[in-house]
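1. Based on what follows, work out the 3D shape:
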Amino acid sequence: MKPNTIKSIGKSEFVNMGPIRLRQPLPTQQVDMIDPFILLHHYGPYKISEDNNPFDLGPHPHRGFEPITFLVEGEQLHRDSLGNESVVKSGDVQWTTAGRGIIHSEGPTKDFIKKGGTIEGIQLWLNLPAEKKMMPANYQHEKYEDFRIVKSDDSKVETRIVAGELNGVFGKIKTQTSVNAFMIEAKAGGEETIPFSQQHQGMVYLLKGKVTINNTEVLELNKNQLIEFNKHGEGFSIKAEADGLLLFLSGKPLNEKVATYGPYVMNTQTEIMEAMRDYQMGKMGFLPVN
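-> Numbering: from 1, shown residues only. Okay, here's the model as predicted:
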């Protein structure tokens, strides 16, 4: 396999988002976006208790993209203006298609706050093409135990196919664009090769552990955590130096203008203004505070 060469290697610096502090590997001062991926937040681990609950996102709107949560640890309650209400547990993924507009909220469940525990996860913003930005909103929730898995030859690396395809195994999440999203669990000493389309821009993000990519670059927590690949290769290799957890993402670039403001991702500033107006007029639905 001809490996994809590495375009950039990034740290995952901490930023303040209201009352919480989280890692933001994308965007950075060096990398604005990795088309079609707009934003990647790595939140937690936060210790949650009745005396300390910094991570509780009340009702807020989105339009024009797909906000996606990969919950690594903990338990969150999702509610939205479509009437969905579900408890997202460790390893689960919630894939929201905001489309023309949705209001949702997420935060630790009341039971989880009462008993206490740790919450950690990834919030990903995946862009929608212009012709789908005003499509009806949708919500998908897939449980950890239901994901299809590809195991390495040495059985030390398990790749959960959230969306897209790996070695003929397809994810259950229905996507609006050509994307792959895999969560990779690797035990120390494990090796695996992950192929992906030459039409895709790809990246891999380390959440835990220490791994070597393409036998050359080491990803390690608090050092280098995100690698962006150049196109025109056939994939990349992983060797786990310690037990690790990685998120791999790839997608076909949309190559469209992007305008963002707060919770909206559109193509023009005029569309951003329209989104703000439509939210204020109640056109994105309604979600009462729980």
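2. Run through the strands of the stretch 101-250 of the chain in chain order.
-> If DSSP state E, counting those that start in this stretch is used as the criterion, the strands of the stretch 101-250 of the chain fall at 102-108, 117-127, 138-142, 148-151, 157-163, 165-166, 169-170, 179-186, 191-195, 201-213, 217-220, 226-229, 235-251.
3. Mind telling me what element Thr270 is part of?
-> helix 269-280 (DSSP states H and E).
4. Which of the residues in that helix are classified as buried?
-> Neighbour counts using 16 or more other CB atoms under 10 Å place 271-272, 274-276, 278-279 of helix 269-280 among the buried residues. No exception for glycine: its C-beta is placed from N, CA and C like everyone else's.
5. Can you lay out those as TSV showing distance to Thr118?
-> Listed next are those as TSV, based on distance: CB to CB, whole Å:
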residue	distance to Thr118
Glu271	39
Ile272	36
Glu274	40
Ala275	35
Met276	36
Asp278	37
Tyr279	33
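6. nearest to Lys223, of those residues?
-> Ile272 (36.4 Å; CB to CB).
7. The nearest residue to the closest one once chain neighbours are set aside bridge partners, please.
-> Leaving aside its sequence neighbours, Ile272 sits nearest to Tyr261 (CB to CB, 6 or more residues apart in numbering; 4.6 Å). Assessed by DSSP bridges, Tyr261 has beta-bridge partners Tyr264.
8. what angle separates the helix holding Thr270 from strand 102-108?
-> Using axes from the mean of the first three to the mean of the last three CA atoms, to 10 degrees, one finds that helix 269-280 and strand 102-108 are set 70 degrees apart in direction.
9. circling back to that earlier point, list the contacts for the residue nearest to Ile272?
-> For Tyr261, the contact set (CB atoms under 8 Å, 6 or more residues apart in numbering) comprises 269, 272, 275-276.
10. so can I have a markdown table of those showing distance to Pro19 and pLDDT?
-> Putting the contacts of Tyr261 into a markdown table (distance: CB to CB, whole Å; pLDDT from 0 to 100) gives the following:
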| residue | distance to Pro19 | pLDDT |
| --- | --- | --- |
| Gln269 | 29 | 98 |
| Ile272 | 26 | 98 |
| Ala275 | 25 | 98 |
| Met276 | 24 | 97 |
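11. The residue most central in space within the chain and Lys151, how far apart?
-> Nearest to the mean C-alpha position of the chain, counting by CA atoms, centre = their mean, stands Leu124 at 3.1 Å. Distance, Leu124 to Lys151, using CB to CB, to the nearest Å: 25 Å.
12. can you check Gly202 too?
-> Using CB to CB, Gly202 is found at 21 Å from Lys151.
13. do Glu106 as well
-> 31 Å.
14. Which of the two has more residues huddled nearby?
-> Ranked by neighbour count (other CB atoms under 10 Å), Glu106 and Lys151 place Glu106 first, with 23 against 12.
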